[in-house]
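# this one's structure only:
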């Protein structure tokens, strides 16, 4: 039981490049989330998916797109990376009826 | 507008003493509160939670207190151990809502 996994762990992009961050969970959770963590800002929600086939914007969605590929997988795409998207990205999942979210280990992204 | 606030960015405590981490919130609609612990280069892990119908919840060395009239919660760690050195985030949610609102975190350092 791996919990929530994220790939890659580290990535360096040049401004304007695109990439997709992958997330998968094996806990049969319905809800999945993408956050970014920046110094002094806490965890800010980018997008979430309450169930397979649905996605909704969070607090800071601009510059990102998401895909809920199936119940297990939720990907985050940066179409044209900007230095302001340099951050640590966390994926999380939650079982319906509970409030605790379970987080992956994170992806550290640097955009130069 | 920061609805969940952790006003102390850092806290140092001697090993064996009590650590008290504080969190304030502005939205009286929040019904459920959680604490997460985060080590460097890892994702946040759920620590303890409390419902708004309670004023205290204990789990081993960790106790969370909720003062609804003051819109304040605190996490007590007794006794503090070196492994407790981490960043602690508080989070809040409305019943039935998908989204957690996180504070900015407090870095706790336990001094041996």
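Structure's in. What do you need? Note that the structure is a prediction, hence the values are computed from the model and not measured.
# where's residue B:87 relative to chain A, distance?
10 Å (Cβ to the nearest Cβ, to the nearest Å). The C-beta positions use only the backbone N, C-alpha and C, and glycine is treated the same way.
# Now do that residue against residue A:22, distance only.
According to Cβ to Cβ, to the nearest Å, residue B:87 and residue A:22 sit 25 Å apart.
# just residue A:10 next, same as before
Remark: distance between residue A:10 and residue A:22 (Cβ to Cβ) = 14 Å.
# Comparing these two, which shows the higher neighbour count?
residue A:22 (16 against 9; other Cβ atoms under 10 Å in any protein chain shown).
# residue closest to the middle of chain A?
Taking Cα atoms, centre = their mean, the centroid of chain A lies closest to residue A:34, which sits 2.9 Å from it.
# In a strand, that residue, correct?
Yes: assessed with DSSP: H, G, I helix; E, B strand; the rest coil, residue A:34 lies in a strand.
# where does the nearest residue to residue B:104 once chain neighbours are set aside fall, phi/psi-wise?
Closest residue to residue B:104 apart from its sequence neighbours, by Cβ to Cβ, 6 or more residues apart in numbering or on different chains: residue A:42 at 4.1 Å. Dihedral pair for residue A:42: phi 70, psi -160, per degrees, to the nearest 10.
# Let me see the contact set for residue A:42.
Residues near residue A:42 by Cβ atoms under 8 Å, 6 or more residues apart in numbering or on different chains: B:89, B:102, B:103, B:104, B:105.
# which residues does the second one bridge with?
Each beta-bridge partner of residue B:102 is listed here: residue B:91, as defined by DSSP bridges.
# I figured it hits residue B:93, correct?
No: counting by Cβ atoms under 8 Å, residue B:93 is not a contact partner of residue B:102; they are 10.2 Å apart.
# okay, these two: which has more neighbours?
A direct count of neighbours by other Cβ under 10 Å for residue B:102 and residue B:93 places residue B:102 higher, at 25 against 19.
# all strands of the chain, in order?
By default, I'm working from chain A. A:4-7, A:10-13, A:19-25, A:31-38, A:42-49, A:56-57, A:65-68, A:74-78, A:87-94, A:101-103, A:107-111 (DSSP state E).
# The intended chain is chain B.
Listed in chain order, the strands of chain B (DSSP E) span B:4-5, B:10-14, B:19-25, B:32-38, B:45-51, B:56-59, B:62-67, B:72-77, B:86-93, B:101-102, B:106-111.
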